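*Asks:* A predicted structure for the sequence below; I have some questions about it.
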Amino acid sequence: MITLNINGKDMQVDADPSTPILWALRDNLNMTGTKFGCGAALCGACTVHLGGQPIRSCITPISAAAGQKITTIEAMESDKVGKAVQDAWVRHDVPQCGYCQSGQVMSATALLRSNKAPSDADIDNAMSGNICRCGTYQRIRAAIKDAAKTIA
């Protein structure tokens, strides 16, 4: 058993230490908001925060999370910055299929925590590892700028 702090709660996971965080969340804890995309850290669908930083949970083993806080999309509703991002996502009609959106929101939230007024280049850099197959990148950028104004 490994204890993980997820969204502020200690949770027991009965899994091999090399198990990726993604699968511990989805298979062991039934937290399905974090999505499997590529399994190679190339698409960003599986993004969660580890110690406040966005990481790709599909390749990060649970052993790397020992003693750190994992934050998932399930916690964004009660987070000031995360809620502002989610609300902006709705206002700007960002999602189409929606599959990549939890990873997009997690990356955008991390960006706005570290940079309250990001430029287009800052947004492009922070979001570059998140792929949206529907191509809503302009709406994502507009939503991030909107969320930045909300939290300012």
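*Replies:* Yep, it's here. Numbers count the residues shown, from 1 in each chain.
*Asks:* Okay, and residue 41 sits in which element?
*Replies:* Assigned by DSSP states H and E, residue 41 falls within no helix or strand.
*Asks:* which residues touch it?
*Replies:* Counting by CB atoms under 8 Å, 6 or more residues apart in numbering, residue 41 touches 56, 58, 59, 129. For the C-beta atoms, the positions are set from N, CA and C on the backbone; glycine is no exception.
*Asks:* which one of those residues sits closest to residue 84?
*Replies:* residue 129 (21.6 Å; CB to CB).
*Asks:* Skipping its backbone neighbours, what lies nearest residue 18 in space?
*Replies:* residue 61 (4.9 Å; CB to CB, 6 or more residues apart in numbering).
*Asks:* partners of that neighbour in the sheet?
*Replies:* residue 20 (DSSP bridges).
*Asks:* and of the contacts of residue 41, the nearest to residue 26?
*Replies:* Nearest to residue 26, judged by CB to CB, of the contacts of residue 41 is residue 58 at 10.3 Å.
*Asks:* Check the gap between that closest one and residue 83 for me.
*Replies:* With distances taken as CB to CB, to the nearest Å, residue 58 is found 26 Å from residue 83.
*Asks:* neighbour count winner among the two?
*Replies:* residue 58 (24 against 16; other CB atoms under 10 Å).
*Asks:* List the beta-bridge partners for the closest residue to residue 6 other than its chain neighbours.
*Replies:* Nearest residue to residue 6 in three dimensions, chain neighbours excluded: residue 70, at 4.7 Å (CB to CB, 6+ apart). For residue 70, the beta-bridge partners are residue 6, residue 50 (DSSP bridges).
*Asks:* Please name the residues that touch the residue nearest the centre of the chain.
*Replies:* When CA atoms, centre = their mean is applied to the chain, the residue found nearest the centroid is residue 106 (2.6 Å). Residues in contact with residue 106 (CB under 8 Å, 6+ apart) are 47, 48, 49, 54, 71, 72, 73, 76.
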